[in-house]
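Peer 1: structure of the sequence below:
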Amino acid sequence: MISFLHKCTVAPKSGAVSCKRMVSTCADDTDFISTHGTAHRFIVNYKETKNLSNSECITSPTFRSDGYKWSICCYPKGSHKDDDNNNIGLFLELLSDYINLHVSFTLAIMDKSGSEPLQKNFNEKFGGVGSNFGLHCFIRRTTLEQGYLTKDGNFRILCFIKVLGQDFDGVPQVPIGGLKEDINKLWESGEMTDVNFDVEGEIISAHRVILSARSCVFKAELFGNMAEAKSECIRIDDMNPEVFRALLHFMYNDSLDNERETHHATIVMTQHILAAADRYEIEDLIVRCEKYLTKNLSVSTVMDVLMFAERHYLVKLKEACLEFASRQDNFIDIAFTDGYIEMAHLFGKI
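Peer 2: Predicted coordinates:
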């Protein structure tokens with residue numbers, strides 16, 4: 001790959017960003033092999049980005065590299081609200097629940113011919129789920145339009161990743177693995193399970209001791225005087241299998257696994273997981289879900305999240321929604337959403 005770094009008038013700066021997210025408008029997450037190793041490809045429909053506002057992000061489908069989950073984040077009009085709409089930002093985001101992960105990676109945009117990409121190399125330490133690095137100004141929109149769009153109006157992003165290791169507060173780096181990974185493998189393999197759950201007709205197996213260690217509600221059900229303690233198959237009502245599996249995933253892995261087709265679907269799924277966490281009194285999962293929903297509030301979802309927080313007595317989440325909705329640059333747009341109209345009807349305002 002030929003190295004070609006575009007000089008931008010806005011000083012490029014690597015580091016974490018916080019943003020509104022959107023689903024990719026056109027994506028191809030197929031991996032292919034080059035002389036640099038496995039490249040993860042993300043194709044963006046440029047025409048469909050022109051109606052986006054500053055700081056709105058298009059994300060690639062989740063992909064795996066070196067055993068970790070990643071996503072490419074593209075900001076077609078800059079990653080800050082005060083950008084001049086002519087900078088395209090590009091970042092790599094870690095989606096796995098690991099901290100201090102030392103990573104060498106390259107982000108690139110292919111030119112029309114596919115022979116002379118614009119690329120930038122990074123060597124960064126990712127701090128955990130949601131941490132990201134890249135450039136706020138990877139390329140100017142005018143430059144992209146002149147030399148990097150294909151005939152069908154797309155531009156192609158490539159990412160090469162190499163994980164160098166994980167730091168443990170000064171302790172020498174060691175291969176990733178251990179108790180959490182072994183427990184997860186035990187669940188995924190289905191070995192030695194001793195309890196089954198019937199969730200909408202789907203049978204999901206687990207280990208009583210793991211569930212009891214993670215939830216006092218499960219402990220009472222599985223080892224107490226309740227009828228479930230003697231049952232080999234327990235029926236779970238008012239919950240779909242996908243949510244229950246996500247709940248178990250957290251109980252075995254201590255991490256969320258929200259891989260959905262759209263950002264809005266992820267928000268909705270997180271609400272369902274949060275309701276399940278509240279039902280089984282898994283406090284750390286409740287906190288994790290609240291944090292995710294707060295971080296990813298948007299004009300299109302804030303009213304739904306607010307009503308959800310009201311129903312489940314989630315004070316901090318409710319306050320975050322009200323603060324977001326009260327911002328002058330958000331309120332007018334929110335007032336025209338279906339969620340706002342529904343809430344207004346609910347409270348008898350109109």
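Peer 1: so what's the residue count around Phe250?
Peer 2: Phe250 has 22 neighbouring residues, counting by other Cβ atoms under 10 Å. C-beta coordinates here come from the backbone N, C-alpha and C atoms, glycine included.
Peer 1: confirm it sits in a helix?
Peer 2: Yes: under DSSP: H, G, I helix; E, B strand; the rest coil, Phe250 falls within a helix.
Peer 1: which non-adjacent residue is nearest it?
Peer 2: Residue nearest to Phe250 in three dimensions, not counting chain neighbours: Leu285, with 5.1 Å by Cβ to Cβ, 6 or more residues apart in numbering.
Peer 1: what packs against the host helix or strand of the one you found?
Peer 2: Using DSSP states H and E, Leu285 sits within helix 283-295. Counting contacts by 3 or more Cβ pairs under 8 Å, 6 or more residues apart in numbering; DSSP states H and E, helix 283-295 is packed against helix 241-253, helix 263-279, helix 315-326.
Peer 1: circling back to that earlier point, look up how far Arg279 lies from the residue nearest to Phe250.
Peer 2: 11 Å (Cβ to Cβ, to the nearest Å).
Peer 1: follow-up on the earlier one: okay, the helices and strands packed on helix 283-295 in CSV with distance to Ser60 next?
Peer 2: Below are those laid out as CSV (distance: least, Cβ to Cβ, whole Å):
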stretch, distance to Ser60
helix 241-253, 21
helix 263-279, 12
helix 315-326, 26
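Peer 1: TSV for the ones you listed, including mean pLDDT and distance to Glu181?
Peer 2: As requested, the helices and strands packed on helix 283-295 are exported to TSV (pLDDT from 0 to 100; distance: least, Cβ to Cβ, whole Å):
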stretch	mean pLDDT	distance to Glu181
helix 241-253	91	9
helix 263-279	85	22
helix 315-326	86	31
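Peer 1: so for His136, which of the ones you listed sits nearest?
Peer 2: Taking Cβ to Cβ, helix 263-279 is the member of the helices and strands packed on helix 283-295 nearest to His136, at 20.7 Å.
Peer 1: about what we covered before: hmm, Ala275 and the residue nearest to Phe250 touching each other?
Peer 2: No: with contact defined as Cβ atoms under 8 Å, Leu285 does not reach Ala275; the gap is 10.9 Å.
Peer 1: higher neighbour count, these two?
Peer 2: Counted by other Cβ under 10 Å, Leu285 and Ala275 do not tie: Leu285 has more neighbours, with 24 against 18.
Peer 1: so for Tyr75, which of the helices and strands packed on helix 283-295 sits nearest?
Peer 2: helix 263-279 (14.1 Å).
Peer 1: okay, now the unreliable bits of this protein?
Peer 2: 1-38, 81-84, 166-178, 227, 229, 257-265, 330-350 (pLDDT under 70).
Peer 1: that one: helices as residue ranges?
Peer 2: 141-147, 179-189, 208-214, 216-223, 241-253, 263-279, 283-295, 302-311, 315-326, 328-334, 338-346 (DSSP state H).
Peer 1: want to throw those into TSV with distance to Ser115?
Peer 2: TSV is the format used below for the helices of the chain (distance: least, Cβ to Cβ, whole Å):
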stretch	distance to Ser115
helix 141-147	12
helix 179-189	41
helix 208-214	53
helix 216-223	57
helix 241-253	42
helix 263-279	34
helix 283-295	40
helix 302-311	45
helix 315-326	45
helix 328-334	43
helix 338-346	47
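Peer 1: max-length strand in the protein?
Peer 2: strand 154-166 (DSSP state E).
Peer 1: how far away is the residue of the chain most remote from its centre from Lys219?
Peer 2: Distance from the centre of the chain peaks at Asn225, with 39.7 Å (Cα atoms, centre = their mean). The gap separating Asn225 from Lys219 is 12 Å, by Cβ to Cβ.
Peer 1: and for Pro76?
Peer 2: Counting by Cβ to Cβ, the gap from Pro76 to Lys219 is 49 Å.
Peer 1: more neighbours, the two?
Peer 2: Taking neighbours as other Cβ under 10 Å, Pro76 and Lys219 compare with Pro76 leading, 25 against 17.
Peer 1: wouldn't the more buried one be in contact with Thr49 here?
Peer 2: Yes: judged on Cβ under 8 Å, Pro76 makes contact with Thr49 at a distance of 3.6 Å.
Peer 1: intersection of neighbour lists for these two?
Peer 2: Shared contacts of Pro76 and Thr49, defined by Cβ atoms under 8 Å, 6 or more residues apart in numbering, comprise Ile58.
Peer 1: of the helices and strands packed on helix 283-295, which is nearest Asp194?
Peer 2: Among the helices and strands packed on helix 283-295, helix 241-253 sits nearest to Asp194 (Cβ to Cβ), with 14.1 Å.
Peer 1: list the buried residues in that closest one.
Peer 2: 241, 243-244, 246-253 (16 or more other Cβ atoms under 10 Å).
Peer 1: determine which two of these are furthest apart.
Peer 2: Pro241 and Asn253 (17.6 Å).
Peer 1: still on that earlier bit, show me the one of the helices and strands packed on helix 283-295 that comes nearest Asn87.
Peer 2: helix 263-279 (21.9 Å).
Peer 1: elements contacting the closest one?
Peer 2: Contact here means 3+ Cβ pairs under 8 Å, 6+ apart; on that basis helix 263-279 packs against strand 20-23, helix 241-253, helix 283-295, helix 302-311.
Peer 1: can you put the ones you listed in a markdown table and add distance to Lys318?
Peer 2: Formatted as a markdown table, the helices and strands packed on helix 263-279 follow (distance: least, Cβ to Cβ, whole Å):
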| stretch | distance to Lys318 |
| --- | --- |
| strand 20-23 | 20 |
| helix 241-253 | 22 |
| helix 283-295 | 10 |
| helix 302-311 | 4 |
